[in-house]
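Return a 3D structure for these sequence lines:
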Amino acid sequence: MLYALGSAAMAALVAIFGKIGLAGVDPTQATIVRGVVMAVILISGGLVFGKLSGFSLSSFEGRDWIFILLSAIAGAASWLLYFIALQQGPASAVAVIDKLSVVLVIVLAAIFLSESLTLKSVLGIVFTIIGSLLIVFK
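Just a heads-up that it's a prediction; the model follows:
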């Protein structure tokens with residue numbers, strides 16, 4: 001739970017810092033810089049915390065590679081589209097619409113991962129959509 005809250009806080013800073021930083025910059029170029037900086041930070045963190053000792057690409061199997069690569073492609077597309085949207089719209093609206101990914105995750109997890117879709121989760125989806133619309137359409 002603590003990591004998820006930390007993730008939410010960092011995602012909020014992405015919106016704020018990104019909106020400020022995109023003032024006169026091409027979103028594609030900004031996304032490239034963001035990706036390179038993130039790679040450097042992640043590799044440095046891996047070195048500092050000893051997560052790279054014993055690291056071997058051969059530990060990934062074929063199916064692992066496919067889904068990790070698909071995840072990377074989806075993540076890169078998400079970053080790029082997020083930065084384009086952030087440059088063109090208000091940070092609060094872009095962030096709220098972006099967080100509708102939660103709704104999509106719940107639905108897709110039910111379809112592809114056989115996770116349960118209960119009355120509570122459906123109500124949560126409905127309230128999330130309504131709340132998002134209320135924030136976007138002030």
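
Any idea how far the longest helix along the chain is from the middle of the chain?
In the chain, with assignment by DSSP state H, the single longest helix is helix 62-88. Offset of helix 62-88 from its chain centre (CA atoms, centre = their mean, to the nearest Å): 8 Å.

packing partners for the helix or strand just after it?
Following helix 62-88 in sequence order, the next helix or strand is helix 91-98 (DSSP states H and E). When contacts are defined as 3 or more CB pairs under 8 Å, 6 or more residues apart in numbering; DSSP states H and E, helix 91-98 sits against helix 2-21, helix 62-88, helix 119-136. No exception for glycine: its C-beta is placed from N, CA and C like everyone else's.

Show me which positions of the last one end up buried.
Residues of helix 119-136 classed as buried under the neighbour-count rule (16 or more other CB atoms under 10 Å) are 121, 125, 128, 132.

That helix to helix 91-98, inter-axis angle?
150 degrees (axes from the mean of the first three to the mean of the last three CA atoms, to 10 degrees).

and helix 119-136, C-alpha only, in PDB?
C-alpha atoms of helix 119-136 as PDB (Å, rounded to 0.1, in the frame of the first residue of the first chain):
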ATOM      1  CA  LEU A 119     -20.900  -5.500  -7.800                       C
ATOM      2  CA  LYS A 120     -18.500  -3.500  -5.600                       C
ATOM      3  CA  SER A 121     -15.900  -3.200  -8.400                       C
ATOM      4  CA  VAL A 122     -18.600  -2.300 -11.000                       C
ATOM      5  CA  LEU A 123     -19.900   0.400  -8.600                       C
ATOM      6  CA  GLY A 124     -16.300   1.600  -8.200                       C
ATOM      7  CA  ILE A 125     -15.900   1.800 -12.000                       C
ATOM      8  CA  VAL A 126     -19.100   3.800 -12.300                       C
ATOM      9  CA  PHE A 127     -18.200   6.200  -9.500                       C
ATOM     10  CA  THR A 128     -14.600   6.600 -10.900                       C
ATOM     11  CA  ILE A 129     -16.000   7.500 -14.300                       C
ATOM     12  CA  ILE A 130     -18.600   9.900 -12.800                       C
ATOM     13  CA  GLY A 131     -15.900  11.500 -10.600                       C
ATOM     14  CA  SER A 132     -13.600  11.900 -13.500                       C
ATOM     15  CA  LEU A 133     -16.300  13.600 -15.600                       C
ATOM     16  CA  LEU A 134     -17.100  15.900 -12.700                       C
ATOM     17  CA  ILE A 135     -13.500  17.000 -12.500                       C
ATOM     18  CA  VAL A 136     -12.900  17.300 -16.200                       C
END
